[in-house]
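**Student:** Here you go, sequence then predicted model.
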Amino acid sequence: MSVNWSLPFEEKIIPSKYQSKVISPSIYKELHKIATENYKEFWASIASQLEWFKPWEKVLDDSNPPFYKWFVSGEINASYLAVDRHAKSWRKNKVAIIWEGEPAEGDKPKEVRYITYGELYREVNRVAYILKEVYGLKKGDAISLYLPMIPELPIFMLAAARLGIIFSVVFSGFSAQALADRINDARAKLLVTADGGWRRGKIVPLKDIADKALENTSTVEKVLVVKRTNNNITMKEGRDEFFDNVYKQVPLNAYVEPERTKSEDPLFILYTSGTTGKPKGIVHDTGGYLTILHATMNWVFDIKDSDIMWTTADIGWITGHSYIVFGPLLEGVTTVMYEGALDYPNPDRWASIIERYGVTILYTSPTAIRSFMKLGEDVYKGRDFSSVRLMHSVGEPINPEAFRWFFRLVGKESIPFGSTWWMTETGGIMISHLPGLYLIPLKPGTNGMPLPGIDADVVNENGNPTKPEERGYLVIRKPWPGMPLTIWGDPDRYVKVYWSKFPGIFYPGDFAVKDSDGYFWILGRADEVIKVAGHRLGTYELESALIHHPAVAEAAVVGVPDPLKGEVPVAFVVLKVGQKANEELKKSLNEWVREQVGPIASLSSIYFVSKLPKTRSGKIMRRVVKAVITNQPVGDVTTLEDEASVEEVKKAYEELK
Ligand code: 6R9
């Protein structure tokens, strides 16, 4: 199948400021080949640049695939590497984290904190002291962190890592139910939350949501509450404690010895959406994860000691874990974090952040760029972007228009700007431009090429490599550092989801094409996962929420293209007999879903139908629903139970368009 994707496969741009780093795609391919053929040796050489307490005994244990273990028995500690090493060096007074709270109005935020490595060291140690001495937590225990974007979040992550306590950050836009599911699955003993968080001038009542979640959990013994918004909350005797009260009792110079965690010990669990209702707890190791971060911070971000790096994501997602917290701190640079929204209270808050802190490395998303673009260039007149020397995008495919616009506005068409492909499961960036190493020319919309040592390819249904410009599935053939250890508590599912479609090779679930120069273009998900404004959601999660509503009999949710958010979810709903289809019910269904899953799960439209396209065995054919509403050929429908259902979907959609 040869398809015209109307992508600018041929357009090549050489950023003038990185001219000396530019090499031709064919030379890069040779370098890539050598590293990838010798991937164990190659990754060992990268890992050896980190500081290990004890060297590994084996580079890769591949005796039980796909449960690979990297740098087996090597001893290393993520918190020691990200904090102690710098606090004990000349970087002691260097700023590790610049944090700004949500501004009330205007350009100047009320609250800004510059946390030096020396201070971070003290805070992380004091919090580790609390975890260890006050709550008696130890290596292998799990804790959940349900916090807004405040410095306590990275501090708790680093304190847990120091002790080998497995942390699970739950994005603060998730609902009580989603939080309860994640706490239960992780078997978390402690929950750390806040009274609330600021977003667009409103308080997100995190403690209230957490209280609701805790009604349905059994493992959490204690709750620590950080005061942020001072809203009224209820504290449960014997269970809840204000963080401040505990913290002030900890000796100022508390020191907690970092655990000699093993490379293959879990560092964290991060839940992500898949194709079934239950979120998957992706477990990351320690040594492999730090290795991929070290590699990508250098190759992809060309990181230097003088850099101010700003990743505009939320720490609740993998991008925040890797490139707000662990990546930048591992390299001893300054990382910027902000609370609230990029365009509140002023539409150009993001530009003001770049200017005020002199951001040099910018990592953002296509959705963010498109929302800036919508306002037109005048909004940014007079803004100084000259500090930015390199930028990348992540989270979803970037459309060439958005690429060109941002490249001109911020990049002055002279600095590297790529779209880095990776996912929660890969731990770090896998396909990208590598301005820190050698740079192949940019093409608007492409992802570039796989990193050295990353054996990615595009294959057809039979697992054979596709021809240039032919659509296929993205795969990764060889293990890499940063890959998951497993799905928490469900190793069979890990094998089934990622390693079974093409036996023995990793299947991420994305469609991709490779062009004739060998550049990769990731086109979007091949499964029932959608990216709404860069947030990963399973349509199945939304469906499960809908069918729990008393009025709903059946539901199908699919993602449809959206000019701003990339994709948005729309629902086709079959009501129970006797239920009235009206606007009021639509509203209540939407509220219901937001409540069940979280405010990020807003359905863009709801359509009522009397039947859904299903196979004869009763499975909803979302593929058919999606084809109908996106005006694509419906393809093979021989297994369809009732063809009239297709017409029904079409009619419902057309009528409301
Ligand atoms: C890092 C992150 C992973 C999914 C992935 C893919 C999409 C991410 C992309 C991209 C095209 C890019 N994706 N980066 N698609 N170009 N540069 O986003 O992780 O939330 O787990 O999502 O995001 O579809 O499969 P995660």
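**Tutor:** Cool, got the structure. Note that this is a predicted model, so its numbers are computed, not measured.

**Student:** which residues touch G196?
**Tutor:** For G196, the contacting residues are 148, 203-207, 228-229, 231, 233, by CB atoms under 8 Å, 6 or more residues apart in numbering. In short, each C-beta sits where N, CA and C put it, glycine included.

**Student:** tell me which parts of this protein are close to the ligand?
**Tutor:** Residues of the chain lying near the ligand by CB under 6 Å from any ligand atom: 272, 317-319, 394-397, 419-424, 447, 508-510, 522, 524-525, 531, 536.

**Student:** Return the subset of those residues lying in strands.
**Tutor:** 272, 419, 510, 522, 524-525, 531, 536 (DSSP state E).

**Student:** Return the set of buried residues in the lengthiest helix in the chain.
**Tutor:** Ranked by residue count, the top helix of the chain under DSSP state H comes out as helix 583-597. Within helix 583-597, the residues that count as buried by 16 or more other CB atoms under 10 Å are 585-586, 589-590, 592-597.

**Student:** Among those residues, which one sits closest to N64?
**Tutor:** Distance to N64 across those (CB to CB) is lowest for V597, with 35.4 Å.

**Student:** I figured the closest one hits A178, correct?
**Tutor:** Yes: look at V597 against A178 with CB atoms under 8 Å: they come within range, at 5.9 Å.

**Student:** biggest separation within the ones in strands among the residues of the chain next to the ligand, which pair?
**Tutor:** Farthest pair in those, by CB to CB: T272 and S419, 19.9 Å.

**Student:** Would you agree Y121 is in contact with R85?
**Tutor:** No: Y121 is beyond contact range of R85, at 9.8 Å (criterion: CB under 8 Å).

**Student:** so where's the stretch 151-300 of the chain uncertain?
**Tutor:** By pLDDT under 70, the low-scoring segments of the stretch 151-300 of the chain are 277.

**Student:** Now do the strands in it.
**Tutor:** Listed in chain order, the strands found in the stretch 151-300 of the chain under DSSP state E, counting those that start in this stretch are 166-169, 190-194, 197-199, 202-204, 222-226, 240-242, 268-272, 280-284.

**Student:** V22 is nearest to which of the ones you listed?
**Tutor:** Short answer: strand 280-284, nearest of the strands of the stretch 151-300 of the chain by CB to CB, at 33.4 Å.

**Student:** Can you name the residue of the stretch 101-250 of the chain nearest the ligand?
**Tutor:** Residue nearest to the ligand within the stretch 101-250 of the chain: F171 (10.3 Å; CB to the nearest ligand atom).

**Student:** List the contacts of that residue.
**Tutor:** 314, 316-317, 598, 600.

**Student:** give me that answer again for 7 Å
**Tutor:** Each residue near F171 by CB atoms under 7 Å, 6 or more residues apart in numbering is listed here: 314, 316-317.

**Student:** if I look at the residue sitting furthest away from the middle of the chain, how far off is A551?
**Tutor:** With distances taken as CA atoms, centre = their mean, the residue sitting farthest from the centre of the chain turns out to be G578, at 42.1 Å. For G578, the distance to A551 (CB to CB, to the nearest Å) stands at 9 Å.

**Student:** Also G376?
**Tutor:** Where A551 is concerned, G376 sits at a distance of 43 Å (CB to CB).

**Student:** out of these two, which sits in the more crowded spot?
**Tutor:** Each of G376 and A551 has its neighbours counted (other CB atoms under 10 Å); A551 has more, 16 against 9.

**Student:** okay, the spatially closest residue to that one that is not a sequence neighbour: pLDDT?
**Tutor:** Counting by CB to CB, 6 or more residues apart in numbering, A551 lies nearest to Q579, which is 4.5 Å off, once chain neighbours are set aside. At Q579, the model reports a pLDDT of 94.

**Student:** let's number from 9 now, not from 1
**Tutor:** That works, and once the first residue is 9, the last one we named lands at Q587.

**Student:** Hmm, N598 is touching L611, no?
**Tutor:** Yes: counting by CB atoms under 7 Å, N598 does reach L611; the two are 5.2 Å apart.

**Student:** picking up where we left off before, hmm, H557 and the residue nearest to A559 touching each other?
**Tutor:** No: counting by CB under 7 Å, H557 is not a contact partner of Q587; they are 9.8 Å apart.

**Student:** how about a markdown table for the strands of the stretch 159-308 of the chain, with mean neighbour count and distance to E265 added?
**Tutor:** Converted to a markdown table, the strands of the stretch 159-308 of the chain look like this (neighbours: other CB atoms under 10 Å; distance: least, CB to CB, whole Å):
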| stretch | mean neighbour count | distance to E265 |
| --- | --- | --- |
| strand 174-177 | 26 | 19 |
| strand 198-202 | 27 | 20 |
| strand 205-207 | 22 | 33 |
| strand 210-212 | 15 | 36 |
| strand 230-234 | 22 | 22 |
| strand 248-250 | 17 | 25 |
| strand 276-280 | 24 | 21 |
| strand 288-292 | 24 | 23 |
